[in-house]
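Trainee: got a structure for you, letters missing:
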Ligand code: SF4
Ligand code: SF4
Ligand code: SF4
């Protein structure tokens, strides 16, 4: 999976295809994983808040995994 | 609070792979997987430079550095944020690790990690020797694994294996919140970079480039915080900066 | 979808119960880590075993510059990991990626398990053509093996003389067994092996200074941080030589030392350098003469040193070219004393004596016209100005001057000269040249002086153990003489070989085909080893040796650090492996010398240790290491062991080669010469670098490093490759008039156009076709008498279409080594 000879980190433009490879054949929703991955970096970047991120994917995560235990859950979040 | 971080002095690193291999040994990492890779910053392949060989007696443009790369233990770790079952989490001391009992193998964290730091056990993990190595139990098929800063050692007052086994003293581990620690001094006094800083992940792995540091100032395998002052002979006062 | 019940979920089954109980008794070397976990699960859900291992301190000791004291961790009867153990003087803490990987090596399938005999060999019908890749072996008992060997040795002795048996000792281990091996050889009268590798440079240096056999002594590495200029000449010390203790050299750089690297290859070491001089292969003597030229021109030589410790002021007769002797002229002094001019008067030169001696000029003494030695040298260097050699050497003239200036004017420093220089036929000339260069800059006897690419280290002084004073040992043969002795009986016949600690004859010696032909002439070939190597595959009798962790020994720190180390046994010898000492003693008994060998290895070690006043067996045993305080950190502080007691700048008794006489270092090249007769047919020079993944051919099987470094490659500059239609990663055929190999091309800008490389230490099984030592040759120079592995020309072309590369292309993604070993021991 991770090649000891790979001389550098993957540049951003190629990251997406690498992420697709990683998620290929996964037992869960690969598209969701890809979107969440992209947005998680946006959270790190400050383009999105934890709460926004949590909210955005809460329904989908719940549907896909039957639980949503991400640490991004804001205080008092209603996970109804 | 304790906030563990790693400083890697690329001016000292000789690309010897001791850290990569002792990581595998200590952590019982399966064959074919690396938690810690010693990448070459240079040409397209391991141990090749960038640039051109000198022609007609000129100086040429060759350049090569080594960049040991493992989990950067990001402050703002995207891998943590995407984990639907909270298997990947950040400890109070800043170490990002995985609860393998919780991991369901969805690999969202791998997709989210910009550093290619995580590996997935696609097959039944293979170890040589079969019984496994090192001081921590092997992970099963179907989970994601990665560098833990050797949390099982840190919990016992020991430095990570890659740090202890670096013959160039190029790896320094310690508490970034403790201003007298060697890692804090080096981060303050030397030019350091972090990988892919533009992604805002706020990694706790710092790379020294430019002026070489004195490196890891001890021979003991203990955490710096566990040592008496006189066991730290190597930090010259002038370079150590410290409390100024 | 979405059923998370069991897909990929962690198997609840936890690995077995708590680790084995601790607390094996024994000396201080045995210790469990003081604090530790209780085997409880951590938050990761995994069991941690920190603190539960039984830890034994022992030593790793191939022929590297490590001799690293290490801790071996054992749990549940299984070796789990290796860590460095700081020796008595903790600053020498060390280990490399290889020593840390014994966890895999110790259980590797290549390990030999039982004594074996080649199936179609018998003492009377040796069937020599049955040797080789197809040979099959059958298991025999130790008694049978030793009886067969002893009987055959006796019968050869009575028929052809004891010297028809060769005792060949390699460099695979640095314990004390070799001394007992030599002892048995001496008692029996066998021919003994003498070193014919890497002695070249030291020979030249020795001729001038009286010091040096391999490379000359140099200050211990703890002192390197005092150097202000370090010129590493022809060595990638951060990959080989200093990789396990790189911090010492880095500390010097961090302290402000200038690091200069002279190398045709942009190595890891060159990548750290302040100045890199990309010299062309074989042109090193031109380059150093140009550096001398700069020192003369800028008058930065060390006048005091030249006057007090060298023969720079000694007069050379213009008529004969010989040094003027005190006894030749009316000067008070002896025939072995040379003459200088002091205040216009001739005086005999005493060692270590300061005087206002004339360094330059022509003088007439008793009617004999003379010039000073230094004048001779200056005139010689005058022909090699930096600008004049720049094109020839490939090095910019200003850079040559800068390097010379740094060495001469920045205080103490030195030249970390390498074995690689001696891997060119006439490498001894460089040894002579840099000994002189460092005399000019006064870099002897001070803190911060450096004379070789590895430190001096220390050895156990065991007196006459190897060659008992009451016996007359047999003759010796240097390695490159073996084939002639075996094939033509020149200088005498060799009919049997007993080999320990060596994979040379089957793998590491140059011109491998010739050595295989030579082996065919043997009636008996006995090989003792830890692994089923290519050499073992040639053997008639195979003696399985335990891994180092299953042996006890005293490890020499030669070339490494100033400690001796005690190798404690970590585990019992696996299978039927037996320490070489036991085999040697078993043979000694059968040959009638049993009483000359203590019954156990421990007793032998005790006996040898008692012969060295600087150490004490009990301390060494308990501590695991003992620093030998008699080993000086700074070398060359005393009178030089030459005839004059001084460094002899001008050697009037010099040898010559091919019509070139070496009173002064005169350049002479073999195959690197631009006009060499094979330059058109085989246009590329071929070297075989030591990489960080091997110590010679050891560790070839380590799975962890094979993941990173899976197969032999040809480092080639892209321009050279493209000119031959060779793509990156394509398999290529490398060939010359001796043989060929097929390996994968690696485009590498680090390599000088015209120079290609395959890292050494691969076994035959690792090559798609052939072997790197099918390309090298066994010819040596008259003076150097040293294998010239790098003085080799080759041609390269794309591999033939039909070559079968499936061993790598259909691979082995997990890096578990290449093909399975030859018929193993079981
Ligand atoms: S490097 Fe990757 S795995 Fe490590 S904390 Fe950062 S995002 Fe997570
Ligand atoms: S062990 Fe140290 S010198 Fe070796 S590759 Fe790792 S960081 Fe670099
Ligand atoms: S191979 Fe040499 S340098 Fe490496 S650990 Fe062993 S003794 Fe040390």
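Mentor: That came through, no problem. As the structure is a prediction and not an experimental result, all values here were calculated from the model. Ligands and ions are numbered 1, 2, ... in the order given.

Trainee: could you pull out the helices for chain A?
Mentor: Listed in chain order, the helices of chain A (DSSP state H) span A:12-23, A:30-45, A:50-65.

Trainee: quick one: is the last one near chain B?
Mentor: Same thing as helix A:50-65. Yes - interface with chain B: helix A:50-65 contributes A:50, A:53, A:61, A:64, A:65 (C-beta under 8 Å from any C-beta of the partner chain). C-betas here are computed from N, CA, C, even on glycine.

Trainee: Any chance of a markdown table for the helices of chain A, columns mean pLDDT, mean neighbour count and distance to residue C:344?
Mentor: A markdown table is the format used below for the helices of chain A (pLDDT from 0 to 100; neighbours: other C-beta atoms under 10 Å in any protein chain shown; distance: least, C-beta to C-beta, whole Å):
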| stretch | mean pLDDT | mean neighbour count | distance to residue C:344 |
| --- | --- | --- | --- |
| helix A:12-23 | 81 | 15 | 80 |
| helix A:30-45 | 91 | 21 | 83 |
| helix A:50-65 | 94 | 17 | 92 |
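
Trainee: and of those, who's closest to ligand 2?
Mentor: Among those, helix A:12-23 comes nearest to ligand 2, with 24.1 Å by C-beta to the nearest ligand atom.

Trainee: List of residues touching the closest one?
Mentor: A:10, A:30, A:33-34, A:37-38, B:107-108, B:110-111, B:114, B:116, B:120 (C-beta atoms under 8 Å, 6 or more residues apart in numbering or on different chains).

Trainee: Show me which pair in those residues is furthest apart.
Mentor: Across the contacts of helix A:12-23, the longest distance by C-beta to C-beta is 19.3 Å; it joins A:38 and B:120.

Trainee: Spell out which residues of chain A are next to chain C.
Mentor: A:4, A:5, A:27, A:28, A:29, A:63, A:64, A:65, A:66.

Trainee: Now flag whichever of those residues is closest to ligand 1.
Mentor: residue A:4 (17.0 Å).

Trainee: could you list every residue that touches that closest one?
Mentor: Residues in contact with residue A:4 (C-beta under 8 Å, 6+ apart) are B:20, B:34, B:37, B:38, B:46, C:707, C:708.

Trainee: roughly how far apart are it and ligand 2?
Mentor: For residue A:4, the distance to ligand 2 (C-beta to the nearest ligand atom, to the nearest Å) stands at 11 Å.

Trainee: Equivalent analysis for residue C:758, please.
Mentor: Taking C-beta to the nearest ligand atom, one finds residue C:758 at 23 Å from ligand 2.

Trainee: Leaving out the residues flanking it, which one is nearest to that residue?
Mentor: In space, and not counting its chain neighbours, residue C:758 is closest to residue C:772: 4.9 Å by C-beta to C-beta, 6 or more residues apart in numbering or on different chains.

Trainee: hang on, the earlier thing: now the contacts of helix A:12-23 in JSON lines, with distance to ligand 3?
Mentor: Output for those, formatted as JSON lines (distance: C-beta to the nearest ligand atom, whole Å):
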{"residue": "A:10", "distance to ligand 3": "33"}
{"residue": "A:30", "distance to ligand 3": "44"}
{"residue": "A:33", "distance to ligand 3": "43"}
{"residue": "A:34", "distance to ligand 3": "44"}
{"residue": "A:37", "distance to ligand 3": "41"}
{"residue": "A:38", "distance to ligand 3": "45"}
{"residue": "B:107", "distance to ligand 3": "37"}
{"residue": "B:108", "distance to ligand 3": "40"}
{"residue": "B:110", "distance to ligand 3": "34"}
{"residue": "B:111", "distance to ligand 3": "39"}
{"residue": "B:114", "distance to ligand 3": "35"}
{"residue": "B:116", "distance to ligand 3": "29"}
{"residue": "B:120", "distance to ligand 3": "32"}
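
Trainee: in chain B, which helix has the most residues?
Mentor: Scanning chain B for the helix with the most residues, using DSSP H, yields helix B:18-27.

Trainee: Tell me which other helices or strands that one touches.
Mentor: strand B:37-41, helix B:161-164, strand C:78-84, helix C:703-708 (3 or more C-beta pairs under 8 Å, 6 or more residues apart in numbering or on different chains; DSSP states H and E).

Trainee: Helix, strand or coil: sort out the closest residue to chain C within chain B for me.
Mentor: Proximity of chain B to chain C (C-beta to the nearest C-beta) peaks at residue B:105, 2.7 Å away. Recorded secondary structure, residue B:105: coil (DSSP: H, G, I helix; E, B strand; the rest coil).

Trainee: isn't it right next to residue A:27, touching?
Mentor: Yes - using C-beta atoms under 8 Å, residue B:105 is in contact with residue A:27, at 7.4 Å.

Trainee: and the two? which has more neighbours close in?
Mentor: residue B:105 (23 against 16; other C-beta atoms under 10 Å in any protein chain shown).

Trainee: how much space is there between the more buried one and chain A?
Mentor: Plainly put, residue B:105 is 7 Å away from chain A if you go by C-beta to the nearest C-beta, to the nearest Å.

Trainee: Same question for residue C:194.
Mentor: From residue C:194 across to chain A, the span is 42 Å (C-beta to the nearest C-beta).

Trainee: go on, residue B:27?
Mentor: With C-beta to the nearest C-beta as the criterion, residue B:27 and chain A are 14 Å apart.

Trainee: Likewise for residue C:579?
Mentor: In this view, residue C:579 and chain A are 37 Å apart by C-beta to the nearest C-beta.

Trainee: burial measure for that residue, as a count.
Mentor: With other C-beta under 10 Å as criterion, residue C:579 counts 21.

Trainee: show me the contacts for the residue lying closest to residue C:557 once chain neighbours are set aside.
Mentor: Computed as C-beta to C-beta, 6+ apart, the closest residue to residue C:557 that is not its neighbour in sequence is residue C:457, at 4.3 Å. Residue C:457 is in contact with C:65, C:67, C:220, C:556, C:557, C:558, C:559, C:560, C:561, C:562, C:631, counting by C-beta under 8 Å, 6+ apart.

Trainee: mind giving me a markdown table with these and columns for neighbour count?
Mentor: What follows is the contacts of residue C:457, written out as a markdown table (neighbours: other C-beta atoms under 10 Å in any protein chain shown):
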| residue | neighbour count |
| --- | --- |
| C:65 | 25 |
| C:67 | 29 |
| C:220 | 23 |
| C:556 | 24 |
| C:557 | 32 |
| C:558 | 20 |
| C:559 | 24 |
| C:560 | 28 |
| C:561 | 33 |
| C:562 | 24 |
| C:631 | 20 |
